Each structure stands twice: as structure tokens, then as C-alpha cells.
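In: only geometry, no sequence info:
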């Protein structure tokens, strides 16, 4: 451990106690919240924000900043109070507004809502994954913008700091992302694990006895321990923590895990070290008693002495030199490499390059291509045009077609394999069989700066990553999921692998675009539309099986509208409208032929994205689905759920209301009645 | 390690090679599948089924059997071929029918479909969790039926064996369940980890470098290593594996993790040790070349020499003595303890005791009770009546109200805490902050025998356990989820904790009952209906906030129908029907008052369970929602998605199509327009 020394004045000690008092007062005023950890992590958080973090509170979006992730988001006060003290713009009134309507201090930190909040946390383990993703993004971006600089000399060198709790490390996702972080040798990542041995069910011994330090060693992390209870009485040895943080910074070949033993809610005389103080207000008596222990006036609330605030706000000045130095380094980098500087500017602004979409492939009408394969061709075609686009798969690279041809893997050189050569600045991501970790890491990458990450697995396993997908939607992050094998069309692997409920259950997530293209050309257009959105995630649902490339799917503007007339009735006056998505559009097209031959004017609507279609003007929607045509059929290889909205009471839905089966896919379609004949019958029933 | 010796004849060696050949032939015939692991695990699987597993192939449901879980379900042939060889009823034709429509050998093993398959596996990590659940259930059941027997002497003493792969241990769920297994000191659990260092992306080094053995030591497991590559050439040292298995059996205070290093697809001359052999047919040339290496005739397919089959089938006879001994022990246990024997019979048959439901509490009309609290009272009331009912929470015991009052925790005595006294045979489960592991463990408990497990978390975190919930539905397991904090009604914790899309996205899962009672009495009735179902899981969605106990919710038969007329129009001829669920039913009731006062006859329908309502006869559904009344409103604090089916085109849905917000819950309801006034307005709009 480094012997870095730290100046820690009485004013610092006083400031830490002020943090504790504010935490108690804020929860007391709100009537609910999580005071305990905000109290016991006060010294660690204050130390980090005041002496360790490389940041500029006057410029929260400064590209050179260290990132701080509070994975244990329930202790949001740990963050809010430091943001207030160090000068991010939060006021004492904001602290008083904790957990109130429209305040800047909601129950859990919300990205995009409060300056200085780098990610939305609360669902446990997610922040840890975001931090890993940020650390990976930092390395990839350095590789894009400044690959040849000596270590530590680039404006793109910075650290990712994360606070995590027992809850975070109990969650399965912590295993996935920590294994990846160790494997990726993320020397720019430091996790401070607050081991307070209390959770909502009180003493964690009721459910937790693993040797956490040993587990992180097994992942290949540097593990340091700081135990504030070691002496038998509680001593907040800030110097020891500082030394550990500096040792973490000095280690560049491994992520660091600092196990910090604290006592939750210290020094509350009656409630410290209990489950109660984790998630409830202390009550006025205990608050008063605690303030007395701290030598503070119990009659004062939200009391921040001017000299304490002034002292804390000096952090801006203290960091000014570092910032100025960075600015200089950044300017000389810009001057030396204007082309990369332009790339940096463009990517940071989420702007796509002029004419990029000309690189998108198109596919021959009448040929037969799985949409997952088309997607792979799109990615390979975009590789040279969009350096910000990168991603991979959760061990299904060849199945998801997520590898851009010829691009190196993002991997420490010593872990390259015969199939996947690569380097630390590589592009193809390998998540292993860790879908949930993939989801949180993709969020972290998207949060870090402007690169555009994607990640693949089978659609059925979107379930494994759903909590991270939800957070991408909540944070409005432009992450793309490549979810292949999107129906019973995957065949023999059977019901455990065949998504049935997934399309609608994902469409239920606010702010997530679920895109299921009908063929290869719609897939190309879907990628275009997805990449043009920068404020929402999208899940691209792609077929395992080959699909005919249809006539009429080649107009990207139509696809971007989410639903459009693929083939109109021959007389332009449809008696019935058939709506299809993905692999079932071909059934609609076949059925139309039969119906038209029988004299029934039939329109086929392809609807690759319900969300995009809903966002269209009513007039457009009306031209696609005229009120006057009440006979409608929707066909999709999944539950019917939301289709009733589109087909109306008179309409029919050809769907699957049960799990799938193991057999060759054509047999499964046939046996479950997803056939053109059944579409024809449904159309007639609807007339 | 024990020095147990094993007889292993040439016939055994030949049998193992026959297994390999069958695996190749079956995948070749199917045209797809996973031959590699079935080949290299052939000796381990054959050893287990022939010499280690305590089972009776002629009686697959024998209560005294060891359980075997194939967590790496993709290598289903590993199981199918042993079931065939040892005489579970599978035939050679079944093996030939691999992955075909209606065969007994689907792509992944399916519980309830093929005798000898103890659980449905395929989604990685789930089987590991099921095995942990089975091991816990075995201990709990021993405590119920035969607590005082000396170790190893009870008919309820048996082992759980599990095969797992790299994919299983990479998944986050493996962390959760393995930590629990170590903490619970499950000496009856053995995991054989097939370390072949190959996954779909070929060499696992591209994504995996953790020290797996060390990680399992950190969880408190006994870790044993058997390396068949250690000598430099590949030697299938069956004796060493047997010794490890026996050492595992001998260790009764810790679960055992046997790390078995294999070479996937051995001895295929060109494809062994590659990603290709993991998940594709070898092709005829490689199959022929491999058979030549094995000294077999390449022109023969599905060739099982009579003497090999006869030798393998001897396992039934070999185990007959053990079985007879068990039968004797079981009979004398029955004789000695007829009361417990009756309990065993009842629970094993999933039969509830006569009159059990009289213990269900009812709640005073007009009082105010959170449905989560009512649920807690139900559980405490049922505790003495239904010993088979047990469960707990993922660290939210007090929030989910999942602890039966006064019941001990299920925990090694040395891990009891001040809040939770308990013992190894206890009842209250503590999953820690491990929702996904909880889901898989609940499945394992339900699979083991007839006990009825439940597990709680916040509804929003149903996302974390979704893959296990899906498998419960697929396997038709009577698991109950206690999902509390079921809406924005949780208030201050904000959007990360407020479910919006969850109700409908769970209703989308085939075979899952989503039950959202309107008040305390519906909660009591809901538990009754849930427990009376034995062929499906149910998710009970409960309020954090207090809800008024309404007049008319007390009839369990009404609730069991899923939807019923709670308050009819005063003239019995409703002009409008308002459908509500859960906490929004009170809004419907309030709105009805206003509408009736304004002369609009209004009916209120409470619909706690859409699935139960759909299962009613059309005539009943028609009496509740008459076709003639087209003016309808549905009100629910979540996305509208499926409500269109019930309100029709003329109807209105009062819903939330966006994420929530952090504030006191009444404010959130008000701000988002979920109010009785808005219900009134919607009703009028619908008229």
C-alpha cells in the first residue's frame, strides 16, 4: 500500500459530522429514506470528493473527469450531500427536498436529472456493472482518440470510482461484471465495498458468510482491506482509506476492491449497527442523541456552518490546477491530431457522420437471408464508417452475428484466442455467458461518453438482462440489443429457448423500442433508424431461420415509421388489413395472394416497431390502418396481448398463447397453426 | 479424499464408448444438437448412474432416490442416454427421435415429459439453483418427517447430484445459489463442474479467467479437483472421479464442488476441444473417424451391443438391495410414526388438509390495511395448519411480510441472529439480496416433493428473477411469489422501484397467475385460491400502502373466479362498467358513487386475476362483462397493454404509460392522474 499522506484538518472532521447530521435531518424531514449508510460512509464520500476524485464541480460534464458511481443508490444522500458541499449546484433546499415531488433529490439518484449523477442506481448491482462498463469505455475511447500516449499522460486517462454495499455484491450481476473486470484487467476501476454487515433483515449473517475478499482475489482483483472496527472501538481511520485509494490508483493492471469495514449509522447511540437505521428515519430523539454524541446542537437542523461550506467548496479551487493542466494537454492533443479531435467532438455530441448510411447494405429481392445474418452484414459494413459503434455477444457471437468482420477483440493481449485475436483497444466484446452483466456494462459504456454499444443474446434470454434494459430505458440510453432466435422459428432447442411472451413484455417497457424486421432489407433500415435515435434503447429481434427478401421493404423511411403499407389491395380499397411483424410478414404476403385470388382485396402492413408507429401523426396512422376497414388480422409468433389495440374488436389475432416445442421449425409452425392458410381463415372470419 | 475402490470392467469401458457413439449418431440424425459434452461427460455420467446414484430406474418417482440435475441442459443426451441404458423406459428409438416433434427426447430435458428428468434445464445456471433448492427441501422435509433420526439412517436422507458447465458458473445466478448453498452448509449437495474450457465462442479464455475453485472455496464449499489432462495426454481416470464423488458423499457439513477437467468431444480427432463440437453435428467423416479411434465399426449407427445394454441394465438389480433396505426403513418409520406418515402422504400428494381454509383470517370492512400486511397475517394464520407451506424473502422480510410469526429460520444454528433465531430444520427462508437465486431455489423446492414454497421481493424486482419464474410456469410448479410494493403507491423510492410494465409483462407469461387483490379480504381469498392450485405458479402483487377493506370482497369463490361484480349499478342495469385491480379498485368504487349520484348506473368489477377470469365459462364472463354494455373503463396503475381486450373499442383505460417518480404516494397518484375524478371522466367519455 502506498504511504501517501493526507492532510485532514479539524474542519474536515467537522465537515464529515455535518454530512452525518444533514443525512439524519433530511430523512427525518422526508419521513422516510436511508440514513444509516449516509452517516457511516460520510468520511469515505467526503474524502473521495475532496481529496481523491479528479473532478470539476463547476463543469459536471468535463470529459477529463473521474467518474463516481454510487451502486448502493438507496444511500443517495451519500452523493447528494457531496454534490452540495463540493459545489455541483445542489443547494441546502434541495437537500431539504429529499424524496419530494419534482425535487433534484429523488429517493434514488437519477441520471439526467441531477448534475453530478453519473448513472441511475437503486436496483442493486447495476451500478457496479455500469462502473465496469465505464472503465471499459474509457479504455476503448483512449484507443480511439489517443492510443499512443504513454500511460497516465493522455487527457483520456482517468479513473472510475464506485461505492458498493453488501446488497450489490450479493446480487448475481456482481459476479458477472466483477469476473469481466478482472479478466479485462481494468486498472482504472476502484470499488470501495462498504462492509457494514447490516441489511434490511438486520445482521447479514442470516444470509451471508462467503469470504468476499477471497472471491474478488479469485476474479484477479487487487484486494485491500481497511477495517475501522479493528481496534475494538470504532475509529474512522481516514488516512488508511486514503492510502488504500492511492494504492488502488497506482495499480494499473488490475481493478481494485477496497473492503472497508464500517458500522452503519455510527455514532447513533441506540440504532447504529441495526437494520432499522438502514432504511428508516431515526426519530427525533435518536437524532438529538446522535448530534449530542457529535458535539452538535440538537436543536439545530440542516445546520451547515459557513466555514465548513467554504472549506468544502475549496475543492473547486484545489482542482483548478489539475483542470488547467488537463486543458493544456487536451489542447495540445487537439492541435497535434485534428482528425481525431474531430472524431472526438462528433462522437461526444452523438452526431453521426455525413452520409454514413450509404454504407448500409441492401439485399436482393427474392433471396433468402436470416435477419440475424443481415444484421451481421450491416455491422461489418458500418465498421469503417462508425468507429463509435462496438459490441459483441454473451458467448453467442456466431449465432447473434455480432462480430464486425476483421475487427480485433477488446481483450488484454494475453487472453487472445485462436478464434479471436485482439488487444486492449479492440472492438469486439466478449461478455461470456453473462447477459445481465452485459446489460449493465452496455449502460456504463453508453453513459461514459458518446460511443454506441450493442450486445447480443437469444431473445428468450432478454429475461436474464431485463433489469438493465429497464434502466437503459429509464436513463434514455442509446444501447442496442441484438436479440436473435426471436421465435419458435429457432426450432429444435425447444420451449426453454423459444420466446413466446417476450415481444409484448418488452414492448411494455416505457421508452424501449422493440424492432422486429420482416426481412434483410428491413433489418438494414432498422439499424439506420435505431442509430439515428440517441435518446432510447432498442431491441432488435432477429430470426434464426432464413426469410425471403420481400418486394417493398427497402424504403428506410417507411421502416422508420414503424408500420407501413407493404402491399396494398390490388384495387387500393382493402376489405381486410393483415398486420405482420418479422418472420410472419411472409405469411401475411402469402395469405394476401390467396385472398386476392379469391376476390378479397387485401392490404399487408409490415409493423417492425410498434413504438415508432405509435409516435406517428394520427393522419399517417390512419392512412396505414384506416378506421373504415374493420376487418383486420395481426399475425405474430408470440402472445397476442397488445395486438387488440391494432385490430379492434372485429379483428383477429393469430398468436401463440402457450409455450413452444422442440422440433424442426417448420414442423413447429405447422403444428401450432402459424400458417398462411390460418391467416386466410382469420381474415375471412374478420370480414 | 476417500480411497473407495471401484470395479470398472472392459464392459464398462465399452459402454462408455457406446454412449459417445450414440451421442454422435443422435445429433447427426437430428442434424443439430450438442454432441461434444455428451461425448466427454460419458464416463462421468455412466459412472454416476451405474455406481454412485442411489436410484431405481423401475420407479423414477421413488421418494428415497438421489436427485440428479443436469444444469447444462443443452447436453441433454448426457441424461437421455443414461436413462435409456439404466432402464427408465427410454428406448433406442427415443434416442433416434432426438429433437423431433412429440419425441421423449426434446432439445433440452423437460420435467414432466420424460421419466427420470428431475427438472427442465437449458437456460444456464437454473439447474444449479434447482439443485440447491432440492438440497434445502430434502433437509426441511427430513425435519418435518423424521427429525430425530441419526444422520444417514433416515429414509429421508439422500443426495442431490448436479452436473454443471462453464456456462452455468459464469451466470450470475450461480453466484447467488452457490453462496446460499455454502451458507446453508448443504452437505447433501454435490456439483460436478465440467471444466472443458470450451464454449460457443470456442476457447473460454476469451471471456473467463477467474479461479473458479478459489471462488467456491470462498463460498465455503469443499472443493476437489480431478484433471484428466494432468498427465499431458488425456486419461479418463474414472477411479479418481469416483474417489472424489465418494469424498463428496462423506462430507456432510459442506456442499462439494468437484472440478473435473475434461476435453470436450474427446476423442474426435479433428473437432475435440473446439467450439464447433459444442453445438453442431460432427459431420459423417468426423463421426466415422472418431468411431475408428474408439475401435468401433464406422458403418454402424445407433449400435448398442446386447451385452453392453444387459450390463448397464444390471443397475436395477444392483440397486435392488439398497431399495429393499430403504423400503424396510420406510415401513418401520411409517409404523413408528403414523401421524407423520400421514403428513408425508398428504404432502406428497399435494393434498391440502380438510378444512384448512377455516384458519384464513378475515378483515373488518371499513378498516385500512395494506394488502402486504394482510398477506403476512394469512401466512401466520396458516402456519400451524399447513406445515408444507414455507418461505421467506430476498432480504425484505419485514417489507414483504413473509415471516410467519414465531416460526424459526431455516439456517445452520451457528448463523442465527438476534432478529432471526433458527435451526437447520427451520421454516423461514433468508435468500439475501439474491432474487434470481431465490426463484431457482423455489423451483427446486417445489420439484423435490410436495412442500409449498413462497418467496418475496418488490414487484419491480420480479425482473431479477424472471427466468426462474418462466421455468416455474413451464414446469407447472406451484410456487408462490409475494411481490409487494406493487405500484407507484410505494411512493418516495421513485421510478427505479415503481413497477409500471410489470403486471402486464408478467401476465404475458403463459401459465403464470398474476393476482392483485383489491384489499385485505381479497388477499385472504387469493391465498386460498392460489394454494388450491397445484399445477401453476402465482405472483401475488400486494400494496405497500394501506387500502380500505371494501364491502363485498369477502367471498372466496368470487375471488377464485378472477373477476366478479363487486358493486352493481343501483338499478342493476349498468350504463357503464368500471374494472379495477388492486389498489385502484377503491378509485372505481369512489367513482361509482359520483356517477350514480349523477344518475349514471355504474357497475364495479374487481378483477384480481385476469388468468382465472379468462378460465371461466363464457356465460359467467358474460354476466360480469355483458356484451350489451359497451361503456367500460379499466383502471390500473401500470401500462394499459392488455386491458383493451376487456374494455373493447368504446372503452377507456386509465393507465400509466411512462415511468414513475419519487414523492409521497398520494402526490404521485394525483400528479399522474390516477384519481376517482379521472375515472369518472373516463366513464363519461366511454358512454
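Out: Arrived safely. Predicted model only: the values in this text are computed from it and were never measured.
In: use CA for all of it now, contacts and neighbours both
Out: Fine.
In: so which strand or helix has residue A:234?
Out: Assigned by DSSP states H and E, residue A:234 belongs to neither a helix nor a strand.
In: ok, residue A:140 next?
Out: Per DSSP H and E, residue A:140 falls inside helix A:126-145.
In: cool, and residue A:36?
Out: Per DSSP H and E: helix A:35-40 holds residue A:36.
In: what is the subsequent helix or strand relative to that helix?
Out: Moving toward the C-terminus from helix A:35-40, the next helix or strand (DSSP H and E) is helix A:42-47.
In: re earlier: which other helices and strands contact the helix holding residue A:140?
Out: If contacts are counted by 3 or more CA pairs under 8 Å, 6 or more residues apart in numbering or on different chains; DSSP states H and E, helix A:126-145 sits against strand A:67-70, strand A:160-165, helix A:172-183, strand A:189-195, helix A:338-348, helix A:435-448.
In: which residues of the stretch 401-550 of chain A lie near chain B?
Out: The stretch 401-550 of chain A comes close to chain B at residues A:411, A:415-420, A:430-436, A:461, A:463-464, A:466-467, A:471, A:474, A:492-494, A:496-497, A:500-502, A:504-506, A:508-511, as judged by CA under 8 Å from any CA of the partner chain.
In: now which of those would you call buried?
Out: Neighbour counting with 16 or more other CA atoms under 10 Å in any protein chain shown marks A:411, A:415-417, A:420, A:430-436, A:461, A:463-464, A:466-467, A:471, A:474, A:492-494, A:496-497, A:500-502, A:504-506, A:508-511 as buried within those.
In: so what's the residue of chain A found nearest chain B closest to, chain neighbours aside?
Out: Taking CA to the nearest CA, chain B has its nearest neighbour within chain A at residue A:172, 3.7 Å off. Leaving aside its chain neighbours, residue A:172 sits nearest to residue B:172 (3.7 Å; criterion: CA to CA, 6 or more residues apart in numbering or on different chains).
In: kindly report the same for residue A:448.
Out: Closest residue to residue A:448 apart from its sequence neighbours, by CA to CA, 6+ apart: residue A:134 at 5.3 Å.
In: residue A:523 against residue A:517, yeah?
Out: Yes: using CA atoms under 8 Å, residue A:523 makes contact with residue A:517 at a distance of 5.3 Å.
In: what about the buried ones among the residues of the stretch 401-550 of chain A next to chain B, which are in strands?
Out: When DSSP state E is applied, these are split such that residue A:430 fall in strands.
In: ranges for the strands of the stretch 451-600 of chain A?
Out: A:452-458, A:480-484, A:513-515, A:538-541, A:546-548, A:564-567, A:576-580 (DSSP state E, counting those that start in this stretch).
In: out of those strands, the one nearest residue A:53 is which?
Out: Nearest to residue A:53, of all those, is strand A:452-458, at 26.3 Å by CA to CA.
In: contacting residues around that closest one?
Out: For strand A:452-458, the surrounding residues in contact (CA atoms under 8 Å, 6 or more residues apart in numbering or on different chains) are A:388-397, A:400, A:402, A:435, A:438-439, A:442, A:445-446, A:478-486, A:497.
In: what sits against the closest residue to residue A:495 other than its chain neighbours?
Out: Once flanking residues are discounted, residue A:495 sits nearest to residue A:660: 4.5 Å by CA to CA, 6+ apart. When contacts are counted by CA under 8 Å, 6+ apart, residue A:660 touches A:488, A:494-495, A:498, A:500, A:668.
In: same thing with residue A:582?
Out: Contacts for residue A:582 (CA under 8 Å, 6+ apart) come out as A:516-519, A:541-543, A:608, A:636.
In: quick one, phi psi at residue A:81?
Out: phi -70, psi -40 (degrees, to the nearest 10).
In: surely it touches residue A:96?
Out: No: when contacts are counted by CA under 8 Å, residue A:81 is not listed as touching residue A:96 (10.7 Å).
In: returning to what we had before: the helix holding residue A:36 and chain B in contact?
Out: No: if you take CA under 8 Å from any CA as the test, helix A:35-40 misses chain B, and the best it gets is 13.5 Å.
In: that helix - contacts with which helices or strands?
Out: Using 3+ CA pairs under 8 Å, 6+ apart: helix A:35-40 touches helix A:10-30, helix A:76-86, helix A:276-279.
In: what does the stretch 251-400 of chain A put close to chain B?
Out: Counting by CA under 8 Å from any CA, the stretch 251-400 of chain A sits next to chain B at A:395-398.
In: try it again at 6 Å.
Out: residue A:395 (CA under 6 Å from any CA of the partner chain).
In: next one: the stretch 551-687 of chain A
Out: Counting by CA under 6 Å from any CA, the stretch 551-687 of chain A comes close to chain B at A:641-642, A:658, A:662-663.
In: from those residues, which single one is nearest residue A:532?
Out: Nearest member of these to residue A:532, counting by CA to CA, is residue A:642, at 26.3 Å.
In: that older thread, now the residues of the stretch 551-687 of chain A next to chain B as CSV including distance to residue A:71 and neighbour count?
Out: Formatted as CSV, these follow (distance: CA to CA, whole Å; neighbours: other CA atoms under 10 Å in any protein chain shown):
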residue, distance to residue A:71, neighbour count
A:641, 35, 23
A:642, 35, 23
A:658, 38, 17
A:662, 41, 27
A:663, 44, 27
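In: any weak-confidence spans in the stretch 251-400 of chain A?
Out: The stretch 251-400 of chain A contains no residues with pLDDT under 70.
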